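**Q** sequence plus the predicted model coming up.
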Amino acid sequence: MGQIEEARASCLDTLTYHRELLVSRLRSVQCILDNLLACGFVCEEDVEIVQRTVTKPEQVRKILDLVQCKGEESCEYFIYIIYKVCDAYIDLQPWLKEIDYNPSRDVTVMTVVNTDPISRYCEKLRHEMSRDTCFIMSYGQQEESRLEDLYTDTLMELLNDCNESLGFLESLDQLLGDHAVFNPQGETIYVMGDAGVGKSILLQKLQNLWSKKELQTDAIFFFKFRCRMFSIIKDTEQISLRDLLFKYNCSPDQDPDHEVFDYILRFPEKVLFTFDGYDEIQTNDLMNVAEVVSPEAKAHPLQLLVSLLCGKLLQGSHKVLTARTGTEIQSRVIRKKVALRGFSPAHLKTYIHLHFKEQEHRELVSVQLDASPHLCGLCSTPLFCWIVFKSFRHLHTMHDSFHLPETCITLTDIFLLLSEVFLSRSASPAPSLLKKSTRCASDTFKAGLRPLAAFAKLALQVLERGSFICSQEEISVCGLTEEDLTLGFLRPVSEYDASGGPATFEILHITLQSFLAAFALVLDEQAAASSILKFFTECSRKRESSCLPFDFCICGSSKSSEKHPFATNDHLQFTNLFLCGLCSRWS
Ligand SMILES: Nc1ncnc2c1ncn2[C@@H]1O[C@H](COP(=O)(O)OP(=O)(O)OP(=O)(O)O)[C@@H](O)[C@H]1O
């Protein structure tokens, strides 16, 4: 009993002795007040008196006076709150160590609720991140797959600044670690890879793991952006860093004193950013964008992006940036580099296993892949693999067949199949269990020609203006109906529209956009040959090397540094390849 008395007395003394330190370091008073009130150590009137006090230090002084005059128990509980809600009282954790604080058994039975705005915000971020990342955005809108049901590891090769291999990453946790860092001053982890190799999905997995607290990182804030958003925002629009984080990501609730933003500024190392698709930024002089150094200044979002990547804003925060292979980024900002190489044969086996639930189907698909090295090569790129598997599944459901039409299948065939799958949604009635329809691709295409031509026209128009996004109006002008939208070629995008403007859409994948654009070119009977081939001229100005379809898609990097750093012409290259593919089929 004597010992307990001594411990209690020491809490009151401790507060007196360390009063100055507490007054200067204790910031979040709300959480302290909420808990003191809930446990009956203060009353509503006390809380009001504290809240009416203007400055933070004054508020803390008032709280200290209150708890000290209520006695030892309330002093101990006061310290216990600081101990329990360590995120919010991070500045006071060293102090607790210094005084060698250990909560007594009496106090540990008392409840502490974390009502601190920072902790609440972290929870909200995790909750929203979990909701936004648990499904793989379906290309067909109709069936969505859970990320954890389909995510399969891919080969992640570490590179040095000369693009020499430093080995492979064993797990996603290593992505953020210090292993293979070649420029410690750089702050950005650069992940590159070809179209459809899984860069976005890798980030999604990272985000999902973080949301479940399964990612090894100290980051308690996670902000995700798609880079294209930065160039979509009007040139005249100026926003602050706070807006970028809170308006375009997730905003804090009940934070009258802006504690969350202040905290982020004070502890940038607690922040993790992902920026997906740097190659999609449509501006030619990103190198010359004026950097912003003040977190309060308003600037164009692109300036904020560049300043974050360079560490001029929120220095010390962690950043993962993805881009298509060959996109140039100033080496001074790159901390380490990872090249995604797609599925290895072992990964492919795992993916088959996840994709097909029935053993019989798994075996049939494996046999086909083993018989066709070409198809197997295509399937090392997860996007193409997904399309191939989707086609297998479709053929099976509709026609009881598990065979693709040709043994030597090309990328054009794959996208034709995907279109056939989409078009057959409206063309055929729901498959009957007893009688499967016989497969006739040309009938499906004939029946679906109107929407297909309209989607193709739309894709070409959007591509020609160097964009990925189309408006509702453009869609209608191309003759597409509400019902056509359900086929699966388009998906809605709302994430850039913080102002709640009218809905916009994007074509499900940029590669599909290129395919449809090529389709529009071959469908246009009136067009002169020069107009059909216009993208060849466009690309030959930028790139001299050969345009062999599969060195482009399968054999890793195809782009070289002669291109303009931030204006990749992949989409035009792909259009040309598909044009060749389509013409060769119909010649
Ligand atoms: N690790 C993976 N596990 C399972 N499926 C994957 C994986 N990576 C990619 N996919 C499949 O491939 C599709 C395309 O992947 P993703 O959008 O990540 O490619 P990307 O590299 O970002 O392409 P782009 O450069 O064209 O934007 C996904 O929607 C998914 O179906």
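**A** Ah, there it is. Every value quoted in this text rests on a predicted model; they were computed, and no experiment measured them.
**Q** which one of the residues in the protein is closest to the ligand?
**A** Closest to the ligand within the chain is G198: 2.6 Å, counting by C-beta to the nearest ligand atom. Yep, even glycine has a C-beta here, placed from its N, CA and C like the rest.
**Q** low-scoring stretches of the stretch 351-500 of the chain, by residue?
**A** The stretch 351-500 of the chain contains residues with pLDDT under 70 at 397-408, 425-439, 494-500.
**Q** sorry, back to before: just give the closest residue to the residue of the chain closest to the ligand, not the sequence neighbours.
**A** Distances taken as C-beta to C-beta, 6 or more residues apart in numbering place P382 nearest to G198, at 4.5 Å, with adjacent residues excluded.
**Q** around that neighbour, how many other residues sit close by?
**A** For P382, the neighbour count with other C-beta atoms under 10 Å is 25.
**Q** what's the answer for P492, then?
**A** P492: 12 neighbours (other C-beta under 10 Å).
**Q** in a strand, that's where it is, yeah?
**A** Yes. Counting by DSSP: H, G, I helix; E, B strand; the rest coil, P492 is located in a strand.
**Q** I'd say it and F505 touch.
**A** Yes. Taking contacts as C-beta atoms under 8 Å, P492 lies within contact range of F505: 5.5 Å.
**Q** follow-up on the earlier one: retrieve the pLDDT associated with the residue of the chain closest to the ligand.
**A** We note a pLDDT of 95 for G198 in this prediction.
**Q** next, count neighbours for it.
**A** 28.
**Q** roughly how far does it sit from Q204?
**A** Computed as C-beta to C-beta, to the nearest Å, the G198 to Q204 distance reads 9 Å.
**Q** same check, this time on R120
**A** Computed as C-beta to C-beta, the R120 to Q204 distance reads 25 Å.
**Q** let's verify the nearest residue to G167 once chain neighbours are set aside: helix, strand, or coil?
**A** Nearest non-adjacent residue to G167, counting by C-beta to C-beta, 6+ apart: L158, 5.6 Å away. State at L158, reduced to three classes by three-state DSSP: strand.
**Q** any idea how far L383 is from the nearest residue to S380 once chain neighbours are set aside?
**A** Take S380 and drop its neighbours on the chain: the residue closest to it by C-beta to C-beta, 6+ apart is G342, 4.2 Å away. G342 sits 9 Å away from L383, taking C-beta to C-beta as the criterion.
**Q** shared neighbours of those two, anything?
**A** 197-198 (C-beta atoms under 8 Å, 6 or more residues apart in numbering).
**Q** write out the residues of this structure neighbouring the ligand.
**A** Contact residues (C-beta under 6 Å from any ligand atom) of the chain with the ligand: 136, 150-152, 154, 193, 195-201, 277, 324, 382-383, 386, 509-510.
**Q** what's the pLDDT at S145?
**A** S145 carries a pLDDT value of 85.
**Q** try the one 4 residues further on
**A** The score at D149 is 92. That number is its pLDDT.
**Q** same question, I239
**A** For I239, the pLDDT comes out at 92.
**Q** again, but for C555
**A** In this model, C555 is scored at 32, pLDDT.
**Q** go on, Q185?
**A** For Q185, pLDDT reads 94.
**Q** strands along the chain, start to end?
**A** Remark: strands assigned in the chain by DSSP state E are 135-136, 145-146, 155-159, 165-168, 188-193, 221-226, 239-240, 271-276, 298-299, 318-324, 334-342, 469-471, 490-493, 504-507.
**Q** break this protein down into its structural domains.
**A** 2-115, 121-342, 345-447, 449-586 (automatic domain parsing).
**Q** what's the end-to-end length of the second one?
**A** Here the two ends of domain 121-342 are set 35 Å apart, with distance taken as C-alpha to C-alpha, to the nearest Å.
**Q** all the helices of the stretch 251-400 of the chain, residue numbers only.
**A** Listed in chain order, the helices of the stretch 251-400 of the chain (DSSP state H, counting those that start in this stretch) span 259-266, 301-310, 345-355, 359-371, 373-378, 382-399.
**Q** can you tell me which of these is most buried?
**A** Highest mean neighbour count of those: helix 301-310, a mean of 23 (counted as mean count of other C-beta atoms under 10 Å).
**Q** I'd like to know which elements it is packed against.
**A** helix 228-232, helix 241-246, strand 271-276, strand 318-324 (3 or more C-beta pairs under 8 Å, 6 or more residues apart in numbering; DSSP states H and E).
**Q** in CSV: these, plus mean neighbour count.
**A** As requested, the helices and strands packed on helix 301-310 are exported to CSV (neighbours: other C-beta atoms under 10 Å):
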stretch, mean neighbour count
helix 228-232, 21
helix 241-246, 20
strand 271-276, 22
strand 318-324, 24
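**Q** can you give me the neighbour number for K312?
**A** As a burial measure, K312 scores 16 neighbours (other C-beta under 10 Å).
**Q** do the same with V60
**A** 21.
**Q** D116 versus that one, what's the distance?
**A** Counting by C-beta to C-beta, the gap from V60 to D116 is 15 Å.
**Q** what does M156 give?
**A** For M156, the distance to D116 equals 37 Å [C-beta to C-beta].
**Q** likewise for F384?
**A** 47 Å.
**Q** how about low-confidence regions in the stretch 151-300 of the chain?
**A** In the stretch 151-300 of the chain, residues with pLDDT under 70: 282-287.
**Q** not counting sequence-adjacent ones, nearest residue to I32?
**A** Closest to I32 by C-beta to C-beta, 6+ apart is I81, at 5.5 Å.
**Q** which ones are touching the one you found?
**A** Contact partners of I81, counting by C-beta under 8 Å, 6+ apart, are 31-32, 35-36, 89, 112.
**Q** hmm, 7 Å instead?
**A** Counting by C-beta atoms under 7 Å, 6 or more residues apart in numbering, I81 makes contact with 31-32, 35, 112.
**Q** do the same with L169
**A** Taking C-beta under 7 Å, 6+ apart, one finds 156, 158, 175, 338 in contact with L169.
**Q** I'd assumed L147 was in contact with Q204.
**A** Yes. With contact defined as C-beta atoms under 7 Å, Q204 and L147 form a contacting pair (6.3 Å).
**Q** who's more crowded, R120 and Q204?
**A** Q204 (23 against 18).
**Q** with adjacent residues omitted, what lies nearest to that one?
**A** The spatially closest residue to Q204, leaving aside those adjacent along the chain, is T133, at 5.0 Å (C-beta to C-beta, 6+ apart).
**Q** and the gap between the one you found and R335?
**A** 24 Å.
**Q** how about the helices and strands packed on helix 301-310 in CSV, adding distance to E20?
**A** Below are those laid out as CSV (distance: least, C-beta to C-beta, whole Å):
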stretch, distance to E20
helix 228-232, 46
helix 241-246, 31
strand 271-276, 31
strand 318-324, 35
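**Q** nearest to K124, of the ones you listed?
**A** Among these, helix 241-246 comes nearest to K124, with 11.0 Å by C-beta to C-beta.
**Q** tell me what the closest one is packed against?
**A** Counting contacts by 3 or more C-beta pairs under 7 Å, 6 or more residues apart in numbering; DSSP states H and E, helix 241-246 is packed against helix 301-310.
**Q** which other residues reach the helix it packs on?
**A** Contacts of helix 301-310 (C-beta under 7 Å, 6+ apart): 188, 230-231, 233, 239, 241, 244, 273, 275, 283, 286, 289-292, 313-314, 319, 321, 333.
**Q** can you rerun that using 6 Å?
**A** Helix 301-310 has contacts (C-beta atoms under 6 Å, 6 or more residues apart in numbering) with 188, 230, 233, 241, 244, 289-292, 313, 333.
**Q** the residue of the chain closest to the ligand reaches L155, doesn't it?
**A** No. Using C-beta atoms under 6 Å, G198 is not in contact with L155, being 9.9 Å away.
**Q** mind putting the strands of the chain in CSV, distance to R362 included?
**A** Rendered in CSV, the data for the strands of the chain read as follows (distance: least, C-beta to C-beta, whole Å):
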stretch, distance to R362
strand 135-136, 20
strand 145-146, 17
strand 155-159, 22
strand 165-168, 26
strand 188-193, 27
strand 221-226, 34
strand 239-240, 50
strand 271-276, 32
strand 298-299, 53
strand 318-324, 31
strand 334-342, 20
strand 469-471, 38
strand 490-493, 29
strand 504-507, 31
